[in-house]
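A.B. asks: Give me a model of this one.
(2 chains)
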Protein chains: 2
Amino acid sequence: MNLIVNLCLLALPCIRLFANASPAKSEWIELSYPFSSETIYWPTGKSFNHTTEYANYTADGYYFSSYRISASEHGGTHLDSPIHFNKGGWSTDQIPLDRLIGHAIKIDVSSKAAQNPDYQLMPSDLEAWEESHGNIPYDAIILVFNGWGKYWPDKRTYLGTDTKNTSLLHFPGIHPSTCRWLINNRKIKLVGIDTASIDHGQSTQFESHRILYAENIPGLENVAHMDKLPAKGFTVYAAPMFIVGGSGGPCRIFAHFDANRCMVNLVDGLKSLNGFLWAALVLYALRFLFSRVLVRG
Amino acid sequence: MNLIVNLCLLALPCIRLFANASPAKSEWIELSYPFSSETIYWPTGKSFNHTTEYANYTADGYYFSSYRISASEHGGTHLDSPIHFNKGGWSTDQIPLDRLIGHAIKIDVSSKAAQNPDYQLMPSDLEAWEESHGNIPYDAIILVFNGWGKYWPDKRTYLGTDTKNTSLLHFPGIHPSTCRWLINNRKIKLVGIDTASIDHGQSTQFESHRILYAENIPGLENVAHMDKLPAKGFTVYAAPMFIVGGSGGPCRIFAHFDANRCMVNLVDGLKSLNGFLWAALVLYALRFLFSRVLVRG
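C.D. replies: From the prediction side, this is the model:
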């Protein structure tokens, strides 16, 4: 009888652990827009061009195709390297891989941005996030979600204008005071946003760029499909084209839910067992106390 | 009964000691060459060009730089999409992310390639790898290591020629029979090689390209720093520029040792159980004290 009780107490947590750690479906989330003639560039930039070198059957009877690309570094889903606004900052080839990959969070201000296309992410938005989810983790990648992806690739709604007149740009960004708050209060790797710039469209001084890049914190712009991401619990991989002296460049970005990874799952499993194990321990102690002290005593 | 309970209670603190004794370091391995005027392209391709849009202080007193890029898709560390040699195959934007990321193995034929710059990877090389390391895992990414990185970026040694005469190309590749063996006997995601082409330099019919791409198995060429990789136990991330209709494209490639990640996560999991493990230890000590000293005494 006692044997059964004891075995059950020990076995139940183990069963639960393995249940939690059972391999879930592997799922990669694409966070990049593909490059084509539709890809949105900064009004003063040069758009993406894809020209044919060869695309046909050869004299030997097999098919062969190859193309050339050309574009400004800053268009489509891309990286801003710190040197974009900081002469002594990292160029694209100098950013350590470790700064481009890491656990990430999403700050959702889409309801505010829907009311105001010039909205800027405020420190109070970060504080609200932390109230719900705990402190922004150490060395996090921060993604700012304005719900702007629904306008891509329509320039008039996404940028506020389809002209080259930059004074007509209207889209949300990050307020300079929020950048200062992040630098002074937290340690972050990278910021990303689902608009064309981390400074809002009406910015003329690009202060948020200058504040973050002075600290070698790069930016990701035109990040796609953020609606598929939760508020936390995922890892972001930002893989820019590896350009020597680059001020940025085309960047493939994808994410993975941490919970799907077997080992992270195991960690979560262990964490979730904490309470259960404590309960089992207390029960075991009580049972021991009963049988040895109270009954025999 | 008590033996089982005691052993379990004892085992938990031991796991903790083991965890503390194994500090694990997270490490990303760069497998790409950076793009510059030195980057090696196929003799008939257009080399990488990086031109300045602006790189100076603005009238407002802050620094700003931005550039343009242009190049053929097939040069430097890059992806070959199946459509490069298969009209109905995937273009770059059509390859699912899941086919570009996965556990990988390295086949080292550098000693044979050192003797013969026209060496082609044979089925017997795969069989020799499997004799040492077990079967090639399901859905693996296969990297072929010829030790060719030591020649980069010297065209004469890396390609065999610095002219545009493709009949002078000499570098190792993968034999067509090996591609057939892989398709018939194993399931793979992707092949990569540390030379300019998966077909060796003297190939005129590009049979290995045609065999693999007919099966929608893409290729990675000019993969860098493979000498830093073990024979197995790592994950490869291939992040190509996301080109609509692309026959390939610049590709950032990096790897992570599986063992390190597992240890990091395991340690994190065990740390979260810290309090419980200590309490279990104390309880066990008290229980021992009770039964041996107080009760028997």
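A.B. asks: which residues of the stretch 151-297 of chain A fall in helices?
C.D. replies: Assigned by DSSP state H, counting those that start in this stretch, the helices in the stretch 151-297 of chain A fall at A:155-158, A:176-185, A:207-213, A:262-288.
A.B. asks: contacting residues around the second one?
C.D. replies: This points to helix A:176-185. Residues external to helix A:176-185 that are found in contact with it (CB atoms under 8 Å, 6 or more residues apart in numbering or on different chains): A:120-123, A:125-126, A:136, A:142, A:188, A:191, A:207-208, A:211-212, A:215, A:217. Every C-beta, even on glycine, is put in place using the N, C-alpha and C of the backbone.
A.B. asks: again, only using 10 Å
C.D. replies: A:107, A:120-127, A:130, A:135-136, A:140, A:142, A:144, A:174-175, A:188, A:191, A:198-199, A:203, A:205-215, A:217 (CB atoms under 10 Å, 6 or more residues apart in numbering or on different chains).
A.B. asks: Mark which of those are buried, thanks.
C.D. replies: Of the members of these, the ones counted as buried by neighbours, 16 or more other CB atoms under 10 Å in any protein chain shown, are A:107, A:120-123, A:125-126, A:136, A:140, A:142, A:144, A:174-175, A:188, A:191, A:198-199, A:203, A:206-214, A:217.
A.B. asks: beta partners of the residue of the stretch 51-200 of chain A found nearest chain B?
C.D. replies: Distances between the stretch 51-200 of chain A and chain B by CB to the nearest CB are smallest at A:Ser70, namely 3.6 Å. Residues in a beta bridge with A:Ser70, per DSSP bridges, are A:Asn49, B:Ser70.
A.B. asks: Quick one: neighbours of it, just the number.
C.D. replies: The number of residues packed around A:Ser70, counting by other CB atoms under 10 Å in any protein chain shown, is 17.
A.B. asks: show me what contacts it?
C.D. replies: A:Ser70 sits next to A:46-51, B:46, B:49, B:51, B:68-71 when contact means CB under 10 Å, 6+ apart.
A.B. asks: now these: which count as buried?
C.D. replies: A:46-48, A:50, B:46, B:68-71.
A.B. asks: which of those are the two that sit furthest away from each other?
C.D. replies: Taking every pair in the buried ones among the contacts of A:Ser70 and measuring CB to CB, the maximum separation is 18.5 Å, between A:Ser47 and B:Lys46.
A.B. asks: just the helices in the stretch 1-150 of chain A please.
C.D. replies: Under DSSP H, counting those that start in this stretch, the stretch 1-150 of chain A gives helices at A:2-21, A:110-115, A:123-133.
A.B. asks: tell me the mean pLDDT over stretch A:198-213?
C.D. replies: When pLDDT is averaged along stretch A:198-213, the result is 98.
A.B. asks: returning to what we had before: most neighbours per residue, which of the helices of the stretch 151-297 of chain A?
C.D. replies: When neighbours are counted by mean count of other CB atoms under 10 Å in any protein chain shown, the highest per-stretch mean among the helices of the stretch 151-297 of chain A falls to helix A:207-213, a mean of 23.
A.B. asks: what comes into contact with it?
C.D. replies: With contacts defined as CB under 10 Å, 6+ apart, helix A:207-213 is touched by A:80-86, A:88-90, A:120-121, A:173-180, A:182-183, A:188, A:190-191, A:193, A:197-200, A:203, A:206, A:217-219, B:62-64.
A.B. asks: at 6 Å what do you get?
C.D. replies: Contacts of helix A:207-213 from elsewhere in the structure, counted by CB atoms under 6 Å, 6 or more residues apart in numbering or on different chains, are A:82, A:85-86, A:89, A:174, A:176, A:179, A:198-199, B:62.
A.B. asks: ok, now how distant is A:Thr157 from A:Gly201?
C.D. replies: Taking CB to CB, to the nearest Å as the criterion, A:Thr157 is separated from A:Gly201 by 12 Å.
A.B. asks: just the residues of the stretch 1-150 of chain A that are near chain B, which are they?
C.D. replies: Within the stretch 1-150 of chain A, the positions near chain B by CB under 6 Å from any CB of the partner chain are A:2-3, A:6, A:10, A:28, A:30, A:32, A:34-36, A:46, A:62-63, A:65-68, A:70, A:72-74, A:83, A:87, A:93, A:97-98.
A.B. asks: hmm, back to that, may I see the contacts of A:Ser70 arranged in a markdown table, with distance to B:Ser291 and pLDDT as well?
C.D. replies: Below are the contacts of A:Ser70 laid out as a markdown table (distance: CB to CB, whole Å; pLDDT from 0 to 100):
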| residue | distance to B:Ser291 | pLDDT |
| --- | --- | --- |
| A:Lys46 | 81 | 97 |
| A:Ser47 | 80 | 98 |
| A:Phe48 | 76 | 98 |
| A:Asn49 | 81 | 98 |
| A:His50 | 78 | 98 |
| A:Thr51 | 84 | 98 |
| B:Lys46 | 82 | 97 |
| B:Asn49 | 80 | 98 |
| B:Thr51 | 81 | 98 |
| B:Arg68 | 79 | 98 |
| B:Ile69 | 75 | 98 |
| B:Ser70 | 80 | 98 |
| B:Ala71 | 76 | 98 |
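A.B. asks: Return the per-residue confidence for A:Ile243.
C.D. replies: A:Ile243 carries a pLDDT value of 98.
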